[in-house]
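Structure for the following, please:
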Amino acid sequence: MSLSRLQTATDILQACTRAYEAKACQAHREMALGGGETSSPLTLGASAVDHCLEGGLACGGLHEVRSPLARDIGAATGFALGLAARAMAADRGGRAGIVWVTDPATRVDGGGLFPAGLAQYGLDPSCLTMVEPGDLQGAMWAADEAAGCAGLAALIFQIKGNPARFDMTATRRLMLRARGSGVLALTLRQSGEEEASAAATRWRVNTEMSGADDNYQNGVGAMRLSLTLERNRAGRTGQWLLAWNPKDRSFHHAAPNPQARANPSAHSLDRLPVSANRRDPSGKMGQVLDLRRDFGRAS
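Modelled structure (predicted):
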């Protein structure tokens, strides 16, 4: 990472820290006078999930969200954004703003955020600070600095695969900084496998078939995601089908799509469009391969 880029990232994070911590200090003074409390768990809005979490996610800690394949990164990003948006709306001690740090390896097949789409999560693009260092080491440093900023509502650290540098020691350092500041820290692992870490919970997110849109004929409804709580240090695990409700700005349980159950795919990548379900379709050419994108594993 060049000195000029490092200095730029440092200036951005220091400016964010000063602004957000000033707001947090003022809010803490007001809450101290009123006897307020800021340690409530963060609920998702889906009753079964919140019950499994015994009330919600613990703020001031590290949680991991992973997409097993690159094609699922959109659903995983939506889940992470939903959690961050609910952390913002919870107004925990006047915390404001979200810092999103990206490993440069994620930009190849992960794309970027669409500012107008943030409105579906009740987020103004001005509340989001994007930090894009030139290498993984710089990204890890930026994530550590942001996790220690007491005025932030949430940190999202997006990485590619299972890089050796981001090991148990690195995740524990990130967890301790988030615990000390009270920030909701999320690791968004793109095309990543299960791996031991210091995260309190680990969520696997897969894309599911959307339902119909009640407002438009033949319209596509809200995105659905298959959410699996793979690891929960505080208790139970589970699996649910959820969707994001932009009106309530919360997750809710979704009914399975009957078409998805009526036409199960024999292969994880064998998903033909409806127009191809005609009589005597042409045979498949060659062998169907599951292209798992784990290029960042050895970085």
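
low-confidence ranges in the stretch 51-200 of the chain?
Scanning the stretch 51-200 of the chain for pLDDT under 70 picks out the ranges 91-94.

check contacts around Thr228.
Going by C-beta atoms under 8 Å, 6 or more residues apart in numbering, Thr228 touches 203-206, 237-239. Bear in mind the C-beta positions are built from the backbone N, C-alpha and C, glycine included.

so which of these is the most crowded?
Among those, Trp203 has the most neighbours (other C-beta atoms under 10 Å), with 26 neighbours.

Compute the first-to-last residue distance for stretch 214-229.
Counting by C-alpha to C-alpha, to the nearest Å, you get 30 Å between the two ends of stretch 214-229.

Kindly report the same for stretch 105-113.
One end of stretch 105-113 to the other measures 15 Å (C-alpha to C-alpha).

Now do the buried residues in stretch 77-84.
For stretch 77-84, burial by neighbour count (16 or more other C-beta atoms under 10 Å) applies to 77-84.

Stretch 42-59 too?
With burial defined by 16+ other C-beta under 10 Å, the residues of stretch 42-59 counted as buried are 42-46, 49-50, 52-53, 56-59.

how about that stretch as CSV, C-alpha atoms only?
Output of stretch 42-59 as CSV, limited to C-alpha atoms (Å, rounded to 0.1, in the frame of the first residue of the first chain):
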residue,chain,number,x,y,z
LEU,A,42,-30.2,-6.0,18.1
THR,A,43,-33.4,-7.7,16.8
LEU,A,44,-33.8,-8.8,13.2
GLY,A,45,-37.6,-8.6,13.2
ALA,A,46,-38.2,-12.3,12.4
SER,A,47,-39.6,-13.8,15.6
ALA,A,48,-38.1,-17.3,15.2
VAL,A,49,-34.6,-15.9,14.6
ASP,A,50,-34.8,-13.5,17.5
HIS,A,51,-36.0,-16.3,19.7
CYS,A,52,-33.1,-18.5,18.7
LEU,A,53,-30.7,-15.5,19.5
GLU,A,54,-32.4,-15.1,22.9
GLY,A,55,-33.6,-11.6,22.0
GLY,A,56,-31.3,-10.6,19.2
LEU,A,57,-27.7,-10.1,18.2
ALA,A,58,-25.2,-8.8,20.8
CYS,A,59,-23.9,-5.4,19.8
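
Got phi/psi on His253?
Main-chain dihedrals, His253, degrees, to the nearest 10: phi -70, psi 140.

okay, now it: neighbour count?
By other C-beta under 10 Å, 13 other residues sit near His253.

Against Arg165, how distant is the residue nearest to it when sequence neighbours are not counted?
Leaving aside its sequence neighbours, His253 sits nearest to Ala46 (C-beta to C-beta, 6 or more residues apart in numbering; 5.3 Å). Distance of Ala46 to Arg165, computed by C-beta to C-beta, to the nearest Å: 35 Å.

Repeat that for Thr228.
According to C-beta to C-beta, Thr228 stands 26 Å off from Arg165.

now Asn245
In terms of C-beta to C-beta, Asn245 sits 38 Å off from Arg165.

quick one on the thing from earlier: with distance to Tyr121 and secondary structure as extra columns, can I get the buried residues of stretch 77-84 in TSV?
As requested, the buried residues of stretch 77-84 are arranged in TSV below (distance: C-beta to C-beta, whole Å; DSSP: H, G, I helix; E, B strand; the rest coil):
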residue	distance to Tyr121	secondary structure
Thr77	10	helix
Gly78	8	helix
Phe79	11	helix
Ala80	10	helix
Leu81	5	helix
Gly82	6	helix
Leu83	10	helix
Ala84	8	helix
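
Thanks a lot, see you next time.
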